[in-house]
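below: sequence and its predicted model.
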Amino acid sequence: MSDDEEGRGLGEADSGTGRGLGEAELGGGRGPGEAEPGTGRKLGEVELGTALGRRATLVQFSSAFCQPCRATRRTLAEVAAMVDGVAHVEIDAEERLALVRELRIERTPTVLVLDAGGAVVRRAEGQPRRADVIAALGQAV
């Protein structure tokens, strides 16, 4: 997983991968059961290691030496603190390799926005902007 590329906002496409939060991978989609918006795949306490937020959950996949992960952690924590019922969960990608593979997390940070039931409504790779996180939460709540 590379963490040296500049991140894209939650609604922007990543020119290298063609993926922004909620956008399908260019050149082929993901299979059923994978954490892409609209696939019906849900994440819960078992997968995340903690309870979902009452209204939405911001899931961040990070790695130890990922500089953008630190800034992403601050941004997501600030937004979660601002919006009632929103939780921020950070997952160490190296410690949860099975989940990383299942969800096809290819770089850190990767952010998933889950609705109250744990369904993935948006996805992004790279460091998101605060305004994009707030806008993405609008789809989840």
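Perfect, I can see it now.

going forward, measure contacts and count neighbours with C-alpha atoms only.
Will do.

which helix is the longest one in the chain?
Longest helix in the chain, counting residues (DSSP state H): helix 67-82.

which ones are touching the closest residue to residue 119 other than its chain neighbours?
With sequence-adjacent residues excluded and distances taken as C-alpha to C-alpha, 6 or more residues apart in numbering, residue 119 is closest to residue 42, at 4.3 Å. When contacts are counted by C-alpha atoms under 8 Å, 6 or more residues apart in numbering, residue 42 touches 35, 117, 118, 119, 120.

gap between the second one and residue 76?
This means residue 117. Using C-alpha to C-alpha, to the nearest Å, we find residue 117 at a distance of 19 Å from residue 76.

who has more neighbours, those two?
residue 76 (26 against 16; other C-alpha atoms under 10 Å).

so how far is residue 98 from that one?
According to C-alpha to C-alpha, residue 76 stands 24 Å off from residue 98.

re the thing from before, so which of the contacts of residue 42 sit within strands?
Taking DSSP state E as the definition of strands, the contacts of residue 42 contribute residue 120.

make a markdown table from the contacts of residue 42 and add pLDDT and distance to residue 64 to it.
Converted to a markdown table, the contacts of residue 42 look like this (pLDDT from 0 to 100; distance: C-alpha to C-alpha, whole Å):
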| residue | pLDDT | distance to residue 64 |
| --- | --- | --- |
| 35 | 60 | 23 |
| 117 | 95 | 29 |
| 118 | 96 | 26 |
| 119 | 95 | 27 |
| 120 | 93 | 24 |
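
what's the closest of the contacts of residue 42 to residue 89?
residue 118 (12.3 Å; C-alpha to C-alpha).

please, where are all the strands along this structure?
For the chain, the strands defined by DSSP E occupy 56-62, 86-92, 110-115, 120-125.

my read is that residue 141 contacts residue 58, right?
No: between residue 141 and residue 58 there is no contact under C-alpha atoms under 8 Å: 11.8 Å.
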